[in-house]
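Q: Test case, fold it:
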Amino acid sequence: MVTNCICAGTLLDDDCEGNPGGPAQPGTACNDNNDCTINDLWDANCNCAGTFQDTDSDGVCDASDPCPTQANVVPGQSCNDGDACTINDVVTANCGCAGTFQDTDSDGTCDANDPCPTQANVVPGQSCNDGDACTINDVVTANCGCAGTFQDTDSDGVCDANDACPLLPVLVNGDPCDDGNANTVNDVVTNCICAGTLLDDDCEGNPGGPAQPGTACNDNNDCTINDLWDANCNCAGTFQDTDSDGTCDANDPCPTQANVVPGQSCNDGDACTINDVVTANCGCAGTFQDTDSDGTCDANDPCPTQANVVPGQSCNDGDACTINDVVTANCGCAGTFQDTDSDGVCDANDACPLLPVLVNGDPCDDGNANTVNDVVTNCICAGTLLDDDCEGNPGGPAQPGTACNDNNDCTINDLWDANCNCAGTFQDTDSDGVCDASDPCPTQANVVPGQSCNDGDACTINDVVTANCGCAGTFQDTDSDGTCDANDPCPTQANVVPGQSCNDGDACTINDVVTANCGCAGTFQDTDSDGVCDANDACPLLPVLVNGDPAMTATRTPSTTW
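A: The predicted structure follows:
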């Protein structure tokens, strides 16, 4: 008859193991001592053989394959995790694929997405300082350098920063010149204006008065500085537009940044923020984007909508038919379908996962001539012993299929089999080779308390497996301001962010703000451009002159005509 899909009869003499009338009949279970096979059975010729088990069909049996569901994949092998932000991607111990986050300048933006990967928070077009006083409007170039426009207003080959009189080619203060006014004598360059002494009234109509060409005046225009009388007694100053955007500093809310106004969209160079806008103090800041509120911004979070979840991490897909569930590359959760007897019904839904097709109560053949009424009981095919029970008691209760104790803490559901062997199912929930009774973390493969781990929280360091098999680290907040170092742009200074107002302790500067590197700096204030800052200048609107200095006066006899 056909038994376990093998056509075989009962041996007339010895069974397949040489025992007269023994249970090792063709079609009954055996062990071919080959870990690569399952469902081992005696065939009609008493050969013990099983089915080669190779789930991924790569030629390596599941028992010897570290990744049995992925063909030709082994931990440590190069792979591609599909994330441009990682390098050196390798297959992990749980057969996922993961690499090292590459952020050379440690600014939170990975190199693949960072236009200037070796310079933190730098993007082309951003204002910078090239260290050359001869240039203005310095910006970061396409190749991440810093360059500005050479400033030479009078085109004499000497840049304005080094030119004593940047509006007068060649001439400097003290040089004789011709102001083109027949009513002046002793024309000379004064305060970078070519002017002489008026023969008659000064520029305000006062005979011999001090309002001589080249002296200070007020043109009543807030947009100009260094107002002076020119050779024709016109009072005019220099239009002050630091950022050269056409709006004078007095009317420009951000005078050092061209065409920038508070509330305008900008780019703060931080991939972790969205909706970046120019702040009231002309910095650029956005809203930290952390959809799942796990402390890791969306740009750096492989699973931004699920808190503390990373691909390859253990999870539960909610399907009782799968085991070894892990987070997939696309942040889903999936496991391996478990069907030990390969009958198409998963173990969780199979009344007898080791017996294909058969269920409790079905008639069967236990292969033991000493039993009658063979039936599946507790998923073991066994009959009632004709003589003593499995413990040697005539007609006793220790019948095949009933409970027993194999004295092995690693097994559960111990039962007598058809040959009166007491055996249970090896219990290893996480399939790591260590039974649950001996495994401190029975639901997590190869995990022990005290072992290094990753809790998925960028705010913690020194993460270790806890006594209850969770993963936790120490919250890292160097400045104790409640914001962890990973999310704190200035981790050693409490409640400080770039662009924030501050005080650099230098009376010579104004509009002090926290810089990108968390220092504090302001703009040097020297209204009359004489090299002495306003705070230290007795007369900040008069270059060189201070109280008590003699003023320029007329040297000719006044007249009533010009």
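
Q: Low-confidence regions, the stretch 351-500 of the chain specifically.
A: Counting by pLDDT under 70, the stretch 351-500 of the chain contains low-confidence residues at 386.

Q: Quick one: the strands in it, in order.
A: 371-377, 380-385, 411-416, 422-426, 460-465, 471-475 (DSSP state E, counting those that start in this stretch).

Q: got those as CSV, with mean neighbour count columns?
A: (C-beta placed from N, C-alpha, C; glycine too.) CSV is the format used below for those (neighbours: other C-beta atoms under 10 Å):
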stretch, mean neighbour count
strand 371-377, 17
strand 380-385, 22
strand 411-416, 17
strand 422-426, 15
strand 460-465, 15
strand 471-475, 15
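
Q: Turn those strands into TSV, including distance to residue 187.
A: Shown next, in TSV, are those (distance: least, C-beta to C-beta, whole Å):
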stretch	distance to residue 187
strand 371-377	123
strand 380-385	122
strand 411-416	111
strand 422-426	109
strand 460-465	74
strand 471-475	74
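
Q: Which stretch among those strands approaches residue 303 most closely?
A: Among the strands of the stretch 351-500 of the chain, the nearest to residue 303 by C-beta to C-beta is strand 471-475 (15.7 Å).

Q: where does the closest one sit relative to the chain's centre, distance-wise?
A: 18 Å (C-alpha atoms, centre = their mean, to the nearest Å).

Q: got the CA positions of the helix or strand just after that strand in PDB?
A: Next helix or strand after strand 471-475 toward the C-terminus (DSSP states H and E): strand 509-514. Below are the C-alpha coordinates for strand 509-514, written out as PDB (Å, rounded to 0.1, in the frame of the first residue of the first chain):
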ATOM      1  CA  THR A 509      30.900  96.000  16.500                       C
ATOM      2  CA  ILE A 510      27.100  96.200  16.000                       C
ATOM      3  CA  ASN A 511      24.400  93.600  15.100                       C
ATOM      4  CA  ASP A 512      26.300  90.800  16.900                       C
ATOM      5  CA  VAL A 513      24.900  87.400  16.000                       C
ATOM      6  CA  VAL A 514      25.900  83.800  16.600                       C
END
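
Q: Now do the next helix or strand after strand 509-514: which elements does it pack against?
A: Proceeding N to C from strand 509-514, the next assigned helix or strand is strand 520-524, under DSSP H and E. Where contact means 3 or more C-beta pairs under 8 Å, 6 or more residues apart in numbering; DSSP states H and E, strand 520-524 is packed against strand 509-514.

Q: elements contacting the strand it packs on?
A: By 3+ C-beta pairs under 8 Å, 6+ apart, strand 509-514 packs against strand 520-524.

Q: Neighbouring strands of the strand it packs on in the sheet, and parallel or not?
A: According to DSSP bridges, strand 520-524 forms sheet pairs with strand 509-514 (antiparallel).

Q: Residue 128: which of the strands of the stretch 351-500 of the chain is closest?
A: Per C-beta to C-beta, nearest to residue 128 of the strands of the stretch 351-500 of the chain: strand 460-465, 33.1 Å.

Q: which strands and helices sit next to that closest one?
A: Using 3+ C-beta pairs under 8 Å, 6+ apart, strand 460-465 sits against strand 471-475.

Q: Just give the number of residues close to residue 141.
A: Applying other C-beta atoms under 10 Å, we find 14 other residues in the vicinity of residue 141.

Q: nearest residue to it other than its sequence neighbours?
A: residue 147 (5.4 Å; C-beta to C-beta, 6 or more residues apart in numbering).

Q: That neighbour contacts residue 138, correct?
A: Yes - using C-beta atoms under 8 Å, residue 147 is in contact with residue 138, at 6.6 Å.

Q: Give me the common contacts of the two.
A: Common neighbours of residue 147 and residue 138 (criterion: C-beta atoms under 8 Å, 6 or more residues apart in numbering): residue 130.

Q: beta partners for the closest residue to residue 131 other than its chain neighbours?
A: Among residues not flanking residue 131 along the chain, residue 146 sits closest, at 8.0 Å (C-beta to C-beta, 6+ apart). Beta-bridge pairing for residue 146 (DSSP bridges): residue 140.

Q: ok, now how distant is residue 146 from residue 138?
A: Residue 146 sits 6 Å away from residue 138, going by C-beta to C-beta, to the nearest Å.

Q: Give the residues shared as contacts by these two.
A: Shared contacts of residue 146 and residue 138 (C-beta under 8 Å, 6+ apart): 128, 129, 130.

Q: residue closest to the middle of the chain?
A: Nearest residue to the geometric centre of the chain (C-alpha atoms, centre = their mean): residue 300, 2.4 Å.

Q: Report the contact partners of that residue.
A: 85, 101, 108, 110, 271, 272, 458.

Q: Regarding it, what are the backbone dihedral angles?
A: The phi/psi pair for residue 300 (degrees, to the nearest 10) reads phi -110, psi 0.

Q: How many residues are close by residue 519?
A: Neighbours of residue 519 (other C-beta under 10 Å): 13.

Q: quick one: pLDDT of it?
A: Looking at residue 519, its pLDDT is 88.

Q: For it, give me its contacts.
A: Listed by C-beta under 8 Å, 6+ apart, residue 519 has no contact partners.

Q: Can you pull out the low-pLDDT segments for the stretch 51-200 of the chain?
A: Counting by pLDDT under 70, the stretch 51-200 of the chain contains low-confidence ranges at 199.

Q: tell me the strands in it, going along the chain?
A: So, for the stretch 51-200 of the chain - with DSSP E, counting those that start in this stretch - the strands run 86-91, 97-101, 135-140, 146-150, 184-190, 193-198.

Q: Out of these, which is closest to residue 230?
A: Nearest of the strands of the stretch 51-200 of the chain to residue 230, taken as C-beta to C-beta: strand 193-198 at 5.8 Å.

Q: contact partners of that closest one?
A: 168, 171, 177-179, 181, 183-188, 212-214, 228-231, 233, 552, 554-556.

Q: how far off strand 184-190 does it point, in degrees?
A: If you take axes from the mean of the first three to the mean of the last three C-alpha atoms, to 10 degrees, strand 193-198 sits at 150 degrees to strand 184-190.

Q: Just checking, which helix or strand succeeds strand 193-198 along the chain?
A: strand 224-229.
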